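>>> Pasted the sequence and its predicted model underneath.
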Amino acid sequence: MFYEVVIPAAGQGKRMKAGKNKLFIELIDTPIIVYTLQVFDRDPDCKRIILTINPEEESIFTSLIEQYGIKKVTKLVPGGKERQQSVFNGVKEIKEDGLVLVHDGARPFIDHSLIKRLTEAASSHGGAIVAVPVKDTIKKVKENMVIETVERSSLWAVQTPQAFRVSILKKAHEEAEKDDYLGTDDASLLERKGQPVVIIEGDYDNIKITTQEDLYFAEAILHKKPVWR
Ligand SMILES: Nc1ccn([C@@H]2O[C@H](COP(=O)(O)OP(=O)(O)OP(=O)(O)O)[C@@H](O)[C@H]2O)c(=O)n1
Ligand SMILES: C[C@](O)(CO)[C@H](O)COP(=O)(O)O
């Protein structure tokens, strides 16, 4: 299944405390965002990459795309204050009502077989996301007091890519914008309107590089599975 991918890369990396967009931090010798871009650039099913960026970082992105020979980035789109706005700005660039994947620039460790399973599920259900079963016990806490232990067997830690029919995702974003609703992932914009979303079991290696600790997890993953090198 052919698809287009929107990669939100316009964040500030505040939790990384690196004083810059964390996507430019190098893992071994290559910036995080390059690993992510290369996965899709090398996927024959990927028709094009739409990258949403902070316009002040355009020259950095442009030189990385050139230096690493990334071919499928057809558009650098200005991101927004929130991830959701960055994604929507990217989705608006898509004219055909085919399949679109939304994938965090901060998640470099995904592979083509998982993408294939995801796009097949999305083409028959309208929306599909990657997730892994939660391993920790999760509790709801209020003012430092535990108020509820959440039944773990039904909990999944959601990742990206998230795959959708373009028209369904566009409508969900339009409605969320109209309702001033902000979600932390794109699937939540469909869920709130009763749209079906299926889960595909992914991989614990598919981490989102968010805080300093994730950098050494990431280097360990790269050494274990150099497929991304
Ligand atoms: N306004 C935003 C916020 C986030 N992102 C992107 O969405 C992905 C997931 O967001 P996150 O991991 O939270 O990145 P940051 O927002 O940069 O991190 P922080 O919240 O720590 O600032 C990242 O690739 C990030 O670049 C984006 O395009 N636009
Ligand atoms: C979309 C996501 O990666 C799914 O887990 C996550 O919600 C992004 O959250 P962030 O705070 O924008 O990184």
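Ah, there it is. Numbering: from 1, shown residues only. Ligands and ions are numbered 1, 2, ... in the order given.
>>> residue boundaries of the helices in the chain?
Along the chain, the segments classed as helices by DSSP state H run 32-41, 58-67, 83-91, 112-125, 166-178, 187-191, 212-224.
>>> Spell out which residues of the chain are next to ligand 1.
8-16, 22-23, 52, 79-83, 86, 104-106, 208, 210 (Cβ under 6 Å from any ligand atom). Where you see a C-beta, it was placed from the backbone N, CA and C, and this is true even at glycine.
>>> Extract the residue ranges of the protein that are flagged as low pLDDT.
Within the chain, the ranges that satisfy pLDDT under 70 run 226-229.
>>> give the contact list for the residue of the chain found nearest ligand 1.
Nearest to ligand 1 in the chain, going by Cβ to the nearest ligand atom, is residue 11, at a distance of 2.1 Å. For residue 11, the contacting residues are 21-23, 79, 83, 86, 105-106, by Cβ atoms under 8 Å, 6 or more residues apart in numbering.
>>> partner residues bridging residue 5?
residue 49, residue 101 (DSSP bridges).
>>> Would you mind measuring from it to residue 224?
For residue 5, the distance to residue 224 (Cβ to Cβ, to the nearest Å) stands at 25 Å.
>>> Which one's more surrounded, these two?
residue 5 (29 against 9; other Cβ atoms under 10 Å).
>>> Spell out which parts of this structure neighbour ligand 2.
Going by Cβ under 6 Å from any ligand atom, the residues of the chain near ligand 2 are 83, 104, 158-160, 184-185, 208.
>>> Redo these as CSV? Include distance to residue 220 and neighbour count.
Listed next are the residues of the chain next to ligand 2 as CSV, based on distance: Cβ to Cβ, whole Å; neighbours: other Cβ atoms under 10 Å:
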residue, distance to residue 220, neighbour count
83, 26, 20
104, 20, 24
158, 23, 17
159, 18, 24
160, 21, 27
184, 26, 10
185, 26, 20
208, 16, 15
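>>> for residue 186, what are its contacts?
By Cβ under 8 Å, 6+ apart, residue 186 lies in contact with 84, 87, 102, 162, 164, 169, 172-173.
>>> pretty sure residue 204 contacts residue 132?
Yes - Residue 204 is within contact range of residue 132, at 5.5 Å (criterion: Cβ atoms under 8 Å).
>>> who has more neighbours, these two?
Higher neighbour count among residue 204 and residue 132: residue 132, with 16 against 12, using other Cβ under 10 Å.
>>> wait, the more buried one sits on residue 199?
No - counting by Cβ under 8 Å, residue 132 stays clear of residue 199, with 9.5 Å between them.
>>> Pull up the overlap in contacts between those two.
Shared contacts of residue 132 and residue 199, counting by Cβ under 8 Å, 6+ apart, come down to residue 156.
>>> Okay, residue 38 and residue 64: tell me how far apart.
On the measure of Cβ to Cβ, residue 38 and residue 64 end up 11 Å apart.
>>> and what of residue 105?
Taking Cβ to Cβ, one finds residue 105 at 11 Å from residue 64.
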